[in-house]
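Q: no sequence on this one, just coordinates:
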């Protein structure tokens, strides 16, 4: 299964102290604490409302909890949006929450996910920074809900190009990883290894701790021993450090069942 997060990292010199604090909490799986920092301004500032909603949607993806809080935060973001790009970004987040609910078996909201991303596409201008994230999320739906590898790859490549153009390093870590996943399923091991390695490198450089364990586990799938075992051991260490988050990774890292 594929998972993603909102783009942006909050680590550049131009970021204000609030954004830096939000990023540090988010990267350590403290989404509720990060969202609380944005709550005072969320009722009047569309950007803060959307950022807060995105954090809580991401928490759902990594913990499979907090769905009602994410829904409430998203309704607020939709209510305070004023410009087309703000409405488009909120629709993109709406589609992502519906996608996550469907993917994790909470409730089938696949039609809602597609419709929301369609609205986002009509509102977000081509070439805008938010378009890359939209393309990535459309790729997730194509791959995981539509079972269309070709459409997913095309969307991921558009997202990768957009993230590169806008310097969105965190989103690049996701596009690298998902393009590598498709390459692996098609038997292109060298391409897969390169993509997984790039994804891990970016996450380590950004300090995106909560995303490091999945990146380590993905790279382990294409590495030979003893490197694969070392990567999985590091992923397990990070998983324990973060209290078992992301919850879906534990099963992937479990040793194979013994056979008679």
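A: Thanks, I have the structure now. Predicted model only: the values in this text are computed from it and were never measured. Residues are numbered from 1 along each chain as shown.

Q: quick check: longest helix of the chain.
A: As assigned by DSSP state H, the longest helix anywhere in the chain is helix 84-103.

Q: burial count for residue 127?
A: Residue 127 has 10 neighbouring residues, counting by other Cβ atoms under 10 Å. Glycine gets a C-beta too; all of them are placed from N, C-alpha and C.

Q: cool, residue 108 as well?
A: Using other Cβ under 10 Å, residue 108 has 12 neighbouring residues.

Q: Just name the shakiest helix or strand of the chain by mean pLDDT.
A: Ranked by mean pLDDT, DSSP states H and E, the weakest helix or strand in the chain is helix 249-253, scoring a mean of 81.

Q: so what secondary structure elements neighbour that helix?
A: helix 209-220, helix 227-241 (3 or more Cβ pairs under 8 Å, 6 or more residues apart in numbering; DSSP states H and E).

Q: so which of those helices is the most packed in?
A: With neighbours taken as mean count of other Cβ atoms under 10 Å, the helices and strands packed on helix 249-253 reach their highest mean count in helix 209-220, at a mean of 24.

Q: can you give me the strands in the stretch 1-150 of the chain?
A: Ranges of strands within the stretch 1-150 of the chain: none, based on DSSP state E, counting those that start in this stretch.

Q: which one is residue 178 nearest to, not counting chain neighbours?
A: Nearest residue to residue 178, sequence neighbours excluded (Cβ to Cβ, 6 or more residues apart in numbering): residue 156, at 5.2 Å.

Q: Helix or strand: which one has the one you found?
A: Assessed by DSSP states H and E, residue 156 sits inside helix 149-166.

Q: circling back: where's the longest helix of the chain relative to the chain centroid, distance-wise?
A: Here helix 84-103 is found 12 Å from its chain centre; the criterion is Cα atoms, centre = their mean, to the nearest Å.

Q: Quick one: list the elements packing against that helix.
A: Helices and strands touching helix 84-103, by 3+ Cβ pairs under 8 Å, 6+ apart, are helix 46-63, helix 67-80, helix 110-123, helix 129-144.

Q: List the buried residues in it.
A: For helix 84-103, burial by neighbour count (16 or more other Cβ atoms under 10 Å) applies to 85-103.

Q: Tell me the secondary structure at residue 193.
A: helix (DSSP: H, G, I helix; E, B strand; the rest coil).

Q: Number of residues surrounding it?
A: Look at residue 193: counted by other Cβ under 10 Å, it has 17 neighbours.

Q: got CSV for the helices and strands packed on helix 84-103, with mean pLDDT too?
A: Shown next, in CSV, are the helices and strands packed on helix 84-103 (pLDDT from 0 to 100):
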stretch, mean pLDDT
helix 46-63, 97
helix 67-80, 97
helix 110-123, 98
helix 129-144, 97
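
Q: Other residues contacting the least confident helix or strand of the chain?
A: Outside helix 249-253, the residues that touch it by Cβ atoms under 8 Å, 6 or more residues apart in numbering are 213-214, 217, 232, 235-236, 239, 244.

Q: Kind regards, and thank you for your time.
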